[in-house]
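> Test case, fold it:
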Amino acid sequence: ETPAHSNHIIRPIDKGSVHRICGGQVIFDLSTAVKELIENSLDANATTIEIKLKDYGETQIEVSDNGMGIDPVNYDNLMLKHYTSKLRSFEDLPNVSSFGFRGEALSSLCSLATLTVRTSTQAQNNVGYKLEYNRNGELVKKSACPREVGTTITVEDLFKNVPVRYEEFKRNIK
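Prediction:
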């Protein structure tokens, strides 16, 4: 039997919507997106970080560094929510000495934009990989590419899949 007010029934929100909503709580504007990417570069011991914005960041944000690169063993888990190399349990928090540690920033960016990563480690001898992820942070494509040691993360169409946030973003970026 369906209650008369079925639109008032409390039920779970689908996982895809939850991911997009929560992603907007971590990445809420251009500056937080860029800040999170810079902190990742600093955590990777980068001494040079280059930031490029296309159309003031509306179309594309690109952060490149000369850090240590991403180890291939981490490609699959890189963008997954709450995956991190910095801690294993709550008790590890006092010993965290990096900027990022929760495993939320990259996952949130994935839910709000199209992300591509180009990375290479010292062991890869300037042959890196281009990694493409879907909105859930799952690796969907991996291909070899030339890349000096370090990482480039390209964020395209930030907030475009969240219309209200996107309109606010466009209004405030210039």
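> Every contact and neighbour count from this point should use C-alpha atoms.
Fine.
> Nearest residue to G57 in space, please, no chain neighbours.
L30 (6.9 Å; CA to CA, 6 or more residues apart in numbering).
> Then I49?
D65 (4.5 Å).
> you'd agree the one you found is up against N40?
No. D65 lies out of contact with N40 (CA atoms under 8 Å); the separation is 9.5 Å.
> More neighbours: the two, which one.
A direct count of neighbours by other CA atoms under 10 Å for D65 and N40 places D65 higher, at 26 against 22.
> which residues in the protein form strands?
Ranges of strands within the chain are 49-54, 60-65, 114-120, 127-133, 139-146, 150-156, based on DSSP state E.
> What angle do strand 60-65 and the first one make with each other?
Orientation check (axes from the mean of the first three to the mean of the last three CA atoms, to 10 degrees): strand 49-54 against strand 60-65 gives 170 degrees.
> Serialize the strands of the chain to JSON lines and add fields for distance to E104 and mean pLDDT.
Shown next, in JSON lines, are the strands of the chain (distance: least, CA to CA, whole Å; pLDDT from 0 to 100):
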{"stretch": "strand 49-54", "distance to E104": "21", "mean pLDDT": "98"}
{"stretch": "strand 60-65", "distance to E104": "18", "mean pLDDT": "97"}
{"stretch": "strand 114-120", "distance to E104": "14", "mean pLDDT": "96"}
{"stretch": "strand 127-133", "distance to E104": "15", "mean pLDDT": "96"}
{"stretch": "strand 139-146", "distance to E104": "16", "mean pLDDT": "96"}
{"stretch": "strand 150-156", "distance to E104": "15", "mean pLDDT": "97"}
